[in-house]
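Trainee: here is my input; please provide its structure:
(one chain, ligands or ions: 2)
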Amino acid sequence: MSIVTVTLNPALDLSVTIPSLQKNQVNIATNQHLGPAGKGINVARVLSDLGHTPIVTGFLGRDNAAPFTQLFSEQGIRDHCLRLAGNTRINTKISEGDGSVTDINTPGLAVTKAAWSKLCLQLNALVDEVEVLVISGSVPPGVSLAQFSALIAWGRQHNKAVILDSSHAALEAGIKARPSLIKPNIDELSTLMGRTLSHEPDIMAAAGQLQQQGIAHVVVSMGAQGVYWFTPTQCWHAQVPKVDVVSTVGAGDSLVAGLSVGLVHSDTSFFDPESILRRATALSLLAVTQVGVGIYSSQQYADYQAAITITERAARRV
Ligand SMILES: Nc1ncnc2c1ncn2[C@@H]1O[C@H](COP(=O)(O)OP(=O)(O)OP(=O)(O)O)[C@@H](O)[C@H]1O
Ligand SMILES: O=P(O)(O)OC[C@@]1(O)O[C@H](CO)[C@@H](O)[C@@H]1O
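Mentor: Ligands and ions are numbered 1, 2, ... in the order given. Modelled structure (predicted):
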């Protein structure tokens, strides 16, 4: 059994660092890096650093698939991604000296009906191997929101824990299929609820509303303000230490990787949200202190776990 991540719209991330972005000017980057990414791919990379053997699936462009194939083979990730004619998109991530990031994401490779059918067949063939299904990222051209939502419903019908990490219309559509856990960031949650959320009582009320719609776990990532995790019975908050931010890209994916490991035991007595949240949040701190994701230092991972403060909040239900 494995954690399976589905990335319908992966990307090569072109990460550039500049001191301060000047609009309408020539900006000279001090660093650049082009590497395989996309939300579910990032999740799998972190899982493999944690000692898991995740399965990745979704779509890749055949013409520039080599960096992905190399990553999967180096990291021991089981590659079930379907290759389509053309190139996987390139997303640009501009990191500035103050830690802010500007993302320029492109729409991605169009998925044909035949390719979608192949993915469905492949998932059916993998079903007995799925321990947790992580569905991450945007919906590429050619895939409808109904198909996206059906993917989540498929996982739930097969009694799998399904994590959904997406945004905008895809998040809204996906929620209707009642994933087991969603991980919006605070802006995504505000957009979803149609109101600005920033204070704890508002976030609690929003999470409660979503739980009433059948989503057991709502995790809200809040950047430097840490993480809230609303389980069916409790509410936890992770407070993060101040860190030197290199790039926040992939921080949410690293958090999701840690949560996916935790959900493996969600219906057993081994389920311990406090320690899952501590570890998952530490993984997100490793992400913000590097370009890309992964455990670059076991000692740093341990130190971040020790520096995170987890508190239980009195859950308020709507
Ligand atoms: N500036 C920061 N300082 C400390 N921790 C941070 C910072 N930004 C992010 N984090 C950590 O990473 C987690 C996820 O970040 P964030 O809320 O920005 O998610 P996200 O928007 O989904 O990220 P992304 O889409 O870029 O992967 C936070 O909950 C926090 O633990
Ligand atoms: O367009 P999506 O799928 O929503 O997001 C894609 C993306 O921004 O997400 C990852 C960071 O979370 C990046 O590696 C990648 O470029």
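
Trainee: any chance you could map the strands in the stretch 201-318 of the chain?
Mentor: Along the stretch 201-318 of the chain, the stretches classed as strands by DSSP state E, counting those that start in this stretch are 217-221, 227-230, 235-239, 309-313.

Trainee: chain center to the shortest one, what's the gap?
Mentor: Its chain's C-alpha centre and that of strand 227-230 lie 15 Å apart, by CA atoms, centre = their mean, to the nearest Å.

Trainee: that one and ligand 1, any residue contact?
Mentor: Yes - counting by CB under 6 Å from any ligand atom, ligand 1 has neighbours in strand 227-230: Val227. Using the backbone N, CA and C atoms, a C-beta is placed for each residue, glycine as well.

Trainee: just use 53 as the starting number from now, easier for me
Mentor: All right, first residue 53 from here; so that's strand 279-282.

Trainee: show me which residues of this structure are close to ligand 1?
Mentor: 151, 237, 273-276, 278-279, 292, 295, 297, 300-305, 307, 333, 336-337, 340.

Trainee: and the pLDDT for the residue of the stretch 103-252 of the chain found nearest ligand 2?
Mentor: Closest contact between the stretch 103-252 of the chain and ligand 2, by CB to the nearest ligand atom, is at Gly189 (2.9 Å). On the pLDDT scale, Gly189 is placed at 98.

Trainee: from Gln174, how far out is the closest residue to it other than its chain neighbours?
Mentor: Once flanking residues are discounted, Gly189 sits nearest to Lys91: 3.7 Å by CB to CB, 6 or more residues apart in numbering. Per CB to CB, to the nearest Å, Lys91 is found 19 Å from Gln174.

Trainee: how about Asn116?
Mentor: The spacing between Asn116 and Gln174, counted by CB to CB, is 21 Å.

Trainee: these two: which is more packed in?
Mentor: Shown here are Asn116 and Gln174; by other CB atoms under 10 Å, Asn116 has more neighbours (16 against 13).

Trainee: and the residue of the chain found nearest ligand 1, what is it in contact with?
Mentor: Among all residues of the chain, Gly304 sits closest to ligand 1, at 2.2 Å; criterion: CB to the nearest ligand atom. For Gly304, the contacting residues are Lys91, Asp217, Lys235, Asn237, Ser273, Ser336, by CB atoms under 8 Å, 6 or more residues apart in numbering.

Trainee: what does Gly226 give?
Mentor: Going by CB under 8 Å, 6+ apart, Gly226 touches Ile187, Phe200, Ser201, Ile204, Leu216, Ser218, Ile234.

Trainee: at 10 Å instead, please
Mentor: By CB atoms under 10 Å, 6 or more residues apart in numbering, Gly226 lies in contact with 187, 191, 197, 200-201, 203-205, 214, 216-219, 234, 267.

Trainee: thinking again about what came up before, just the ones of the contacts of Gly304 in helices?
Mentor: Lys91, Ser336 (DSSP state H).

Trainee: pipe the contacts of Gly304 into a markdown table and attach neighbour count and pLDDT per row.
Mentor: Listed next are those as a markdown table, based on neighbours: other CB atoms under 10 Å; pLDDT from 0 to 100:
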| residue | neighbour count | pLDDT |
| --- | --- | --- |
| Lys91 | 26 | 98 |
| Asp217 | 30 | 98 |
| Lys235 | 28 | 98 |
| Asn237 | 20 | 97 |
| Ser273 | 25 | 98 |
| Ser336 | 29 | 98 |
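
Trainee: nearest to Leu223, out of the contacts of Gly304: which one, please.
Mentor: Asp217 (8.5 Å; CB to CB).

Trainee: wait, that closest one touches Lys235, no?
Mentor: Yes - with contact defined as CB atoms under 10 Å, Asp217 and Lys235 form a contacting pair (4.8 Å).
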